[in-house]
Structures are given as C-alpha cells and as structure tokens.
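Participant: Pasting a predicted model and its sequence here:
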Amino acid sequence: MATAAQHKDKLIQTAATLFRLQGYSATGINEILAKSGAPKGSLYYYFPAGKEALAAAAVTFAGKGVSATLRQLRAETGNSREFIEQYCNLLAGWMENSNFKSGCPIATTLLETCPTSSTIQAVGLEVFENWTRIIGDVFLDEGYTVKQANAASLLVIAAVEGSLILSRTLSSVAPIHTIAAQLNRLEKA
C-alpha cells in the first residue's frame with residue numbers, strides 16, 4: 001500500500017514540476033509517467049478523469065507548498081516590509097537557481113486552463129484565497145483593517161506573479177527586486 005501511495009504522490013509532484021517548467025499543454029501523460037516512474041495504470045486509478053484531475057491535484061500540492069513558505073516567512077519576520085523583502089529574495093534565488101526556467105508553481109497551469117476547466121479553476125481560486133489570507137494576516141498584524149489587508153495582499157500577489165513572468169522573460173531577478181522595493185514604499189490606503 002505504501003508503494004501505491006508513493007506512486008500517487010510522485011505523479012502529483014512530477015506533474016507539478018513539469019507544468020511549472022513547460023506548461024500544461026506541452027506536458028503529456030506519458031512524460032509524467034516516465035519521469036515519475038509510476039505504472040500507467042496508477043495514473044488512471046488515482047485520477048480517473050485523467051490529466052485534468054492530475055493537474056488539479058498538482059495545483060493543490062504546489063499551492064500548499066507556497067502556503068507553508070508564506071506561513072514560515074510570517075513567523076520569521078517582524079513586519080510586512082521584512083516579509084516582502086524576504087519573500088522576494090527567496091523567489092529571486094529560486095529563479096536564479098532554475099536558470100530562469102521556473103516560475104510560479106501554479107500560474108502556468110492556471111493560465112492555460114482557466115476558465116475552460118472549472119475543476120482546475122476552482123482549486124486555483126482556493127489556492128489564491130489561502131495565499132491572500134496568509135499575506136493579509138501579515139498586514140492585519142500591523143493594524144490594517146480587513147479591507148486594507150485584503151487589498152494589500154492582492155497587490156502583493158499580483159505584483160509577485162507579474163515579476164516572476166518578467167524575471168523569466170528577461171532572465172533577470174531585477175523585476176522581483178523592483179517590486180519588493182515599490183511594495184515596501186506603499187502606505188495604507
């Protein structure tokens with residue numbers, strides 16, 4: 001049973017990695033199976049709806065990983081400025097280490113599948129809502145109102161997502177550092 005569960009986990013992790021690096025459409029089931037080492041029957045056993053269901057699981061998995069990082073950064077930093085700075089430094093390092101081949105672990109999948117896949121769109125929405133809550137709590141800790149914290153959180157997520165696209169396109173971490181500096185100049189609205 002442990003081996004079977006390992007196959008499921010490996011399929012999800014492999015799909016998340018491949019979707020992040022090359023996109024949903026460019027990643028085939030056979031490639032996911034080959035790189036994961038899982039037998040073909042396991043994919044349809046765990047994901048009877050096929051690639052779409054696997055992608056939804058991959059988005060959920062990747063989203064939880066980012067959520068854990070955001071919670072850890074919140075615990076380690078004393079304010080929103082430190083949080084943003086450390087988060088952006090982490091992302092810049094990650095981009096450089098991937099030779100600018102990586103990006104947001106869910107954005108490539110969501111960009112290709114929303115709104116045509118309501119399944120993937122629903123899990124993507126759940127992931128973004130979770131990130132918004134975690135980042136929003138950083139701002140709430142500083143005395144922002146709920147409305148202000150939600151707006152600031154949305155701005156951080158949108159800026160970070162955009163900076164990752166620009167960073168990958170330019171093969172430079174400059175966009176990530178630029179948005180960190182600009183976000184840290186904002187005042188409560």
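Facilitator: Arrived safely, thanks for sending.
Participant: I'd guessed Lys8 sits against Ser42; true?
Facilitator: Yes. Lys8 lies in contact with Ser42 (CB atoms under 8 Å); the separation is 6.9 Å. (Each C-beta comes from the backbone N, C-alpha and C, glycine too.)
Participant: Next, work out how far apart Gly78 and Pro39 are.
Facilitator: Using CB to CB, to the nearest Å, Gly78 is found at 49 Å from Pro39.
Participant: do the same with Thr178
Facilitator: With the distance defined as CB to CB, Thr178 ends up 46 Å from Pro39.
Participant: Show me what the lowest-mean-pLDDT helix or strand in the chain is in contact with.
Facilitator: Between all helices and strands in the chain, the lowest mean by mean pLDDT, DSSP states H and E belongs to helix 2-22, at a mean of 88. Residues lying outside helix 2-22 but in contact with it, judged by CB atoms under 8 Å, 6 or more residues apart in numbering, are 27, 31-33, 35-39, 42-43, 46-47, 54-55, 57-59, 61-62, 101-106, 108-109.
Participant: Buried residues, that helix. List them.
Facilitator: For helix 2-22, burial by neighbour count (16 or more other CB atoms under 10 Å) applies to 7-8, 10-20.
Participant: cool, stretch 160-171 as well?
Facilitator: Residues Val160, Glu161, Ser163, Leu164, Leu166, Ser167, Arg168 are the ones in stretch 160-171 that count as buried (16+ other CB under 10 Å).
Participant: where does the fourth one land in three-state SS?
Facilitator: When classified by DSSP: H, G, I helix; E, B strand; the rest coil, Leu164 comes out as helix.
Participant: OK, contacts around it?
Facilitator: By CB under 8 Å, 6+ apart, the contact set of Leu164 is Leu91, Met95, Gly103, Cys104, Ala107, Ile176.
Participant: element containing the residue sitting nearest the centre point of the chain, please.
Facilitator: For the chain, Pro105 is the residue whose C-alpha lies nearest the centre (CA atoms, centre = their mean; 3.9 Å). For Pro105, there is no enclosing helix or strand under DSSP states H and E.
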